[in-house]
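structure for this input, please:
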Amino acid sequence: MREYKKWKAQTGILLVAAAVVCAAAAGISRRKEEQKEEETLKVGISIYQSDDTYVNLLTKKIERQLKECEKEQNIKIHCKIVSAENDQNEQNEQVERFAALDYDVICVNAVDRTNVSTMIDGAGEAEIPLIFFNRQPVKDDLRKGQHIYYVGSDAQESGKLQGELVASVYRKAPAILDKNGDGVVGYAVLEGETGHQDAIIRSEWSVKTMTASGVPAKRIAGGVANWMKEQAAALVGRWLKEEEGELELILCNNDDMALGAIETLRQEGRTDICVVGIDGTEEGLTAVREGEMLGTVKADSDIYAQYIAQMVCGLEKEGKVPEEILEGNDREVWIPWEIKLCPAMQE
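Predicted coordinates:
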């Protein structure tokens, strides 16, 4: 009987110990699950407008690249994309909400590049890195915090390359551009936005480079279409009613406006006017390949998205942007441009 009681006591001790071990294991497991939840990288993206073709293309590719980062780095990434619908106050509130919800990185395609201080202050107070893309803030604003970056393409370079594109065609076959044979290329400019830095710079340097490269040119018309295909189509329709056979070339600040111009020219049966764009959207590149657009200047959206995703993951994992992306710059990452000409001009 005494041995039975001793065995019973020992068994009880073992059962208690086992229970303690199980409880501890359950606690560890629960903590691991909590850690997994904590390790979810939350990325907030606010774009200026939902119907900008190039920006939509970029955000889709950024999402895709973030999914690749998930696999490569074995982390969970939650990506939330919202649009400010061209309202800076709304965008300020979106960034504020991301900060309040403790997002890890915030990416912003700014409504107003000159009015980003509220977003910078909000992200800075919450110690959240801020990556601006495609619409470049004023340089002084990029210096207001430790982790504020910009990813984009040089507007001046895009304008220069558009001008070079036109000049290369003129040197090869002047009659392609000077359809009426008067020795002067009559051109119009479709501008993106009133007062927008990229629109102003692209327009200026496209014309300046074109004429400096030997293209005799005369401005026939110009106007703002707010980067939009429909507005560009309507504006070109008005120009066609007013011009007297002098318009031969339309320089567009982006591909969407170029496509709007092409649509109107097609409807009016006009094949005597060339159109060039900037951006290299999928639809724009298709128009170039099919010969409807003379050419465009492309910023590689795949590289764009890859860099942003790598910056996001680098900031979260290492607390900094990978050096190979910055290439000696401390805040700005530049995506190169390249000329894309229609097949007939490549022969």
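
and the residue nearest to residue 87 when sequence neighbours are not counted, how far is that from residue 208?
Spatial nearest neighbour of residue 87, excluding adjacent residues (Cβ to Cβ, 6 or more residues apart in numbering): residue 111 at 6.5 Å. C-betas here are computed from N, CA, C, even on glycine. Separation of residue 111 from residue 208 (Cβ to Cβ, to the nearest Å) stands at 29 Å.

mind listing the strands for the stretch 101-250 of the chain?
Per DSSP state E, counting those that start in this stretch, the stretch 101-250 of the chain carries strands over the ranges 105-108, 130-133, 148-152, 185-191, 217-224, 249-252.

columns distance to residue 50 and mean pLDDT on top of the ones you listed, output as CSV?
Listed next are those as CSV, based on distance: least, Cβ to Cβ, whole Å; pLDDT from 0 to 100:
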stretch, distance to residue 50, mean pLDDT
strand 105-108, 15, 98
strand 130-133, 16, 98
strand 148-152, 20, 96
strand 185-191, 21, 99
strand 217-224, 20, 98
strand 249-252, 21, 99
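
most tightly packed of the ones you listed?
Neighbour counts (mean count of other Cβ atoms under 10 Å) averaged over each of those peak at strand 249-252, with a mean of 29.

and the next helix or strand past it?
Per DSSP states H and E, strand 249-252 leads on to helix 255-267 as the next helix or strand towards the C-terminus.

may I see the buried residues of that following helix?
Across helix 255-267, burial judged by 16 or more other Cβ atoms under 10 Å covers 255-265.

tell me how the protein divides into domains.
When the chain is parsed with automatic domain parsing, its domains come out as 41-152+301-335, 156-299.

worst average pLDDT in the ones you listed?
Among the domains of the chain, domain 41-152+301-335 has the lowest mean pLDDT, at a mean of 94.

and that domain, end to end?
The straight-line separation of the ends of domain 41-152+301-335 (Cα to Cα, to the nearest Å) is 25 Å.

can I get the strands of the stretch 101-250 of the chain in TSV with distance to residue 67?
Below are those laid out as TSV (distance: least, Cβ to Cβ, whole Å):
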stretch	distance to residue 67
strand 105-108	15
strand 130-133	18
strand 148-152	19
strand 185-191	36
strand 217-224	37
strand 249-252	33
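
might you report the residue contacts of residue 73?
For residue 73, the contact set (Cβ atoms under 8 Å, 6 or more residues apart in numbering) comprises 313, 317.

now it: how far from residue 313?
Going from residue 73 to residue 313 by Cβ to Cβ gives 6 Å.

what about the helices in the protein?
Assigned helices in the chain, in chain order: 2-38, 53-73, 88-100, 117-125, 139-142, 155-172, 174-177, 197-212, 229-242, 255-267, 282-289, 301-317, 323-326 (criterion: DSSP state H).

would you tell me which one of those helices is buried the most?
For those, the largest average neighbour count (mean count of other Cβ under 10 Å) is found in helix 255-267, namely a mean of 23.

next, the angle helix 229-242 makes with it.
Comparing the axes of helix 255-267 and helix 229-242 via axes from the mean of the first three to the mean of the last three Cα atoms, to 10 degrees yields an angle of 40 degrees.

confidence score at residue 10?
pLDDT for residue 10: 50.

right, I mislabeled it, should have said residue 30
Note for residue 30: predicted pLDDT of 43.

possible to save the domains of the chain as a markdown table with distance to residue 342?
Listed next are the domains of the chain as a markdown table, based on distance: least, Cβ to Cβ, whole Å:
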| stretch | distance to residue 342 |
| --- | --- |
| domain 41-152+301-335 | 20 |
| domain 156-299 | 5 |
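
tell me which of those sits nearest to residue 343.
Closest to residue 343 of the domains of the chain, according to Cβ to Cβ: domain 156-299, at 6.7 Å.

circling back to that earlier point, quick check: which of the strands of the stretch 101-250 of the chain is nearest to residue 55?
Closest among the strands of the stretch 101-250 of the chain, using Cβ to Cβ: strand 130-133, at 8.8 Å.

which strands and helices sit next to that closest one?
Counting contacts by 3 or more Cβ pairs under 8 Å, 6 or more residues apart in numbering; DSSP states H and E, strand 130-133 packs against strand 105-108, helix 117-125, strand 148-152, helix 301-317.

go again with 6 Å.
Strand 130-133 sits against strand 105-108, strand 148-152, with contacts defined as 3 or more Cβ pairs under 6 Å, 6 or more residues apart in numbering; DSSP states H and E.

who's in contact with the last one?
In this case it means strand 148-152. The contact list for strand 148-152 (Cβ atoms under 6 Å, 6 or more residues apart in numbering) reads 130-134, 136, 142, 307-308, 331-333.

now the angle from it to helix 53-73?
With the same axes, to 10 degrees as the basis, strand 148-152 and helix 53-73 are set at 120 degrees to each other.

direction included, what does strand 148-152 pair up with?
Strands that pair with strand 148-152, judged by DSSP bridges, come out as strand 130-133 (parallel), strand 332-334 (parallel).

nearest to residue 86, of those?
It's strand 130-133; of these, that one is closest to residue 86 (Cβ to Cβ) at 16.5 Å.

CA atoms of that closest one as CSV?
Extracted as CSV, the C-alpha positions of strand 130-133 are listed here (Å, rounded to 0.1, in the frame of the first residue of the first chain):
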residue,chain,number,x,y,z
LEU,A,130,7.4,57.9,-46.8
ILE,A,131,8.1,57.1,-50.4
PHE,A,132,6.8,59.6,-53.0
PHE,A,133,6.6,58.4,-56.6
